[in-house]
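# I would like the atomic coordinates for the input below:
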Amino acid sequence: MILEVNGVEFQYKSKEVLKDIKFHLKRNEILSILGPNGVGKTTLLKCMNAILKPKSGAILIEDEDILKLEQIEIAKRLGYVPQRCEPARLTAFDAVLLGRMPHIKWNVSPEDIMLVESTIKKLNLEHVALRYIDELSGGELQKVSIARAIAQNPKLLLLDEPTSSLDLRNQLDILDTVRDVVRNENVSAIMTMHDLNLAFRYSDKFIFLKNGTIYAAGSMGDITPQVIEEVYGVPVTIQNYMDVSVVIPTV
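Numbers count the residues shown, from 1 in each chain. Take a look at the predicted model:
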């Protein structure tokens, strides 16, 4: 088991946002966290990365409690890609190199440079490596952000709405990249998603949040139209098309 989340609770001031969140994830799996706006998806992701400190509970990466580690140790284990990445006056190469910071002691080593070059090649970013990231398209910038997280050599990738504001081609490119990394790099990934069809296409497991709790969880075979209707308030049918489950609203 690579990840165990045990009884996590979180509140903003007096407002309770997450209540008794429990789940686990195996290596080489992709988990999508689903649910309507404001239900706590991003908050849960930030708790897992210790950006936010839960009121109670434990988050274990290979039996180590993330909440008890220093930030640099967390960064060695978790690669985090936020929903919006602010562009800066850095080249794409330097932006990816920043992912090596938790591992660099005195100076950047030849091994660090080689790993960054390999990651850039893996994500087909050679053509933008020396361009400034504030000149990149949204899809290119998102790929650079994912490359930076991969360069950390994490055990777990956390991606907050990785396809938001991207066109269809870039959505598929990004999620193909995530799936390839999970399959080939011996890591796992957790994504918050709004698009159910993309989530069903690329994920192994799902968590549906409602009112700050896990309303339903499991693999594709556990997800029913009733679950989706009760979480989102929209009647749907789930059909299989070319071996992919597709959600179709029936209103």
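
# for this protein, what spans make up the helices?
Taking DSSP state H as the test, the helices found in the chain are 41-48, 71-77, 92-97, 110-122, 138-151, 168-184, 196-202, 225-232.

# Tell me which of those helices lies nearest to D20.
For D20, the closest of these is helix 41-48, at 12.1 Å, according to C-beta to C-beta. (Glycine included, C-beta is placed from N, CA and C.)

# possible to save the helices of the chain as a markdown table with distance to T250, mean neighbour count and mean pLDDT?
Shown next, in a markdown table, are the helices of the chain (distance: least, C-beta to C-beta, whole Å; neighbours: other C-beta atoms under 10 Å; pLDDT from 0 to 100):
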| stretch | distance to T250 | mean neighbour count | mean pLDDT |
| --- | --- | --- | --- |
| helix 41-48 | 25 | 23 | 95 |
| helix 71-77 | 43 | 16 | 90 |
| helix 92-97 | 44 | 23 | 94 |
| helix 110-122 | 41 | 16 | 91 |
| helix 138-151 | 32 | 23 | 89 |
| helix 168-184 | 24 | 16 | 90 |
| helix 196-202 | 14 | 19 | 96 |
| helix 225-232 | 8 | 16 | 97 |
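
# Between these, which one is closest to G7.
Closest among the helices of the chain, using C-beta to C-beta: helix 41-48, at 11.7 Å.

# Quick check: which of the helices of the chain is nearest to L158?
helix 41-48 (5.3 Å).

# For L130, find the nearest of the helices of the chain.
Across those, closest to L130 is helix 92-97 (C-beta to C-beta), at 6.3 Å.

# From the chain's centroid, how far away is that closest one?
20 Å (C-alpha atoms, centre = their mean, to the nearest Å).

# What is it packed up against?
If you count contacts as 3 or more C-beta pairs under 8 Å, 6 or more residues apart in numbering; DSSP states H and E, helix 92-97 packs onto helix 110-122, helix 138-151.
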